[in-house]
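Colleague: I would like the atomic coordinates for the input below:
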Amino acid sequence: MAFYSYQAPYLSPIVPFSGVIQGGLKEGLQITVQGTLLNSSENRFVVNLQTGISENDIPFHFNPRFENGGYVVCNTKQKGCWGPEERKMQMPFQKGMPFEICFLVQRSDFKVTVNKSLFVQYSHRVPYHLVDTISVTGPLYLSYINFQNPGILPMMYLNPVYPVPFFTTIPGGLYPSKSITVSGTVLPSAKSFHINLRSGSDIAFHLNPRFDENTVVRNTQIGSSWGLEERSLPCKMPFNKGQSFLVWITCEGSCLKVLVNGEHLCEYAHRLRNLQDINGLEVAGDIQLSHVQT
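Modeller: Predicted coordinates:
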């Protein structure tokens with residue numbers, strides 16, 4: 001049953017990074033690495049799917065190199081010895097720009113998608129179940145590393161890890177530097193969902209993606225009365241039907257900062273000033289909820 005368990009994402013891990021893949025690799029598991037490349041004189045970065053924290057055995061080595069026009073090296077290391085390189089003579093990454101890499105474990109190969117486009121498929125040279133660790137090195141900032149299994153989403157809808165609507169407490173309430181994370185998957189037929197930070201019967205912060213309006217509404221409700229809506233977005237709608245998401249809410253002295261999938265969404269000035277009284281979290285709507293951290 002470990003195949004159906006949920007592994008919480010690694011949020012803003014420090015690079016170089018090495019982290020355990022709980023239960024190892026299984027067919028259908030997808031690992032998403034999102035971050036931003038730094039403007040640096042260094043010309044390479046690496047994502048390794050490896051065995052343990054040593055680098056003696058690396059079933060899949062993914063190594064973009066910004067040299068000779070740019071290319072990506074894929075390889076396997078066994079007992080400290082590299083095999084023959086496979087080079088993809090394209091460079092889908094740009095320095096100073098954000099990126100997303102998805103590694104999908106398939107029966108015969110790793111399917112690698114970069115920025116939503118298929119980039120390469122790398123045939124397994126050793127059994128993929130030997131992989132239990134992911135490591136990332138190089139001149140980059142990591143937003144998160146996420147784990148999901150698209151093949152079991154229908155089952156997850158019927159038997160979610162968290163019931164929806166979901167309610168929990170925020171121990172100690174809000175305070176500057178306090179962070180809350182909510183991750184899940186938007187249902188394919190979704191109309192809307194919401195994340196509420198509550199203070200008793202009041203809603204201090206209402207985050208409400210609406211797919212029919214293609215926007216994210218933010219508001220506060222005090223004494224059953226809603227305030228003025230905030231709707232502006234820095235870019236396109238960050239939530240998509242049928243796709244996973246990670247919302248990260250950080251409390252600061254004057255406002256809440258909201259990131260979605262590692263990208264800045266908004267700042268929301270506090271309308272309820274007694275932050276410690278904001279001690280309840282509510283999540284409801286057309287989603288399958290995978291992980292909550294308060």
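
Colleague: was I right about Leu246 contacting Thr181?
Modeller: Yes. Between Leu246 and Thr181 there is a contact under Cβ atoms under 8 Å: 6.7 Å. For the C-beta atoms, the positions are set from N, CA and C on the backbone; glycine is no exception.

Colleague: Just the buried positions in stretch 63-71, please.
Modeller: Within stretch 63-71, the residues scored as buried using 16 or more other Cβ atoms under 10 Å are Asn63, Pro64, Arg65, Phe66, Gly70, Tyr71.

Colleague: Quick one: these as a markdown table, columns for distance to Gln78 too.
Modeller: Shown next, in a markdown table, are those (distance: Cβ to Cβ, whole Å):
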| residue | distance to Gln78 |
| --- | --- |
| Asn63 | 17 |
| Pro64 | 22 |
| Arg65 | 22 |
| Phe66 | 27 |
| Gly70 | 28 |
| Tyr71 | 23 |
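
Colleague: from the residues you listed, which is closest to Phe239?
Modeller: Ranked by distance to Phe239 (Cβ to Cβ), these are led by Pro64 at 28.3 Å.

Colleague: Can you classify the closest one by secondary structure?
Modeller: Here Pro64 takes the strand state, with states given by DSSP: H, G, I helix; E, B strand; the rest coil.

Colleague: Who is it paired with across the strands?
Modeller: Val72 (DSSP bridges).

Colleague: Would you mind confirming that it is in contact with Gln90?
Modeller: No. Look at Pro64 against Gln90 with Cβ under 8 Å: they stay out of range, at 9.8 Å.

Colleague: what is Lys111 paired to in the beta sheet?
Modeller: Counting by DSSP bridges, Lys111 is bridged to Leu104, Gln121.

Colleague: now the helices for this protein?
Modeller: Counting by DSSP state H, the segments of the chain that form helices are 153-158.

Colleague: Now for Asn261, how many residues are close by?
Modeller: By other Cβ atoms under 10 Å, 22 other residues sit near Asn261.

Colleague: pLDDT below threshold where in this protein?
Modeller: By pLDDT under 70, the low-scoring segments of the chain are 1-6, 149-161.

Colleague: Could you chop it up by domain?
Modeller: Split into domains by automatic domain parsing, the chain comes to 2-151, 160-293.

Colleague: tell me how far the longest one is from the chain's mean position?
Modeller: Meaning domain 2-151. Put simply, domain 2-151 sits 14 Å off its chain's centre (Cα atoms, centre = their mean, to the nearest Å).

Colleague: Then the last one?
Modeller: Mean-position distance between domain 160-293 and its chain equals 16 Å (Cα atoms, centre = their mean).

Colleague: Would you mind listing the residues touching both of Leu246 and Thr181?
Modeller: When Cβ atoms under 8 Å, 6 or more residues apart in numbering defines a contact, the residues bordering Leu246 and Thr181 alike are Pro9, Leu11.
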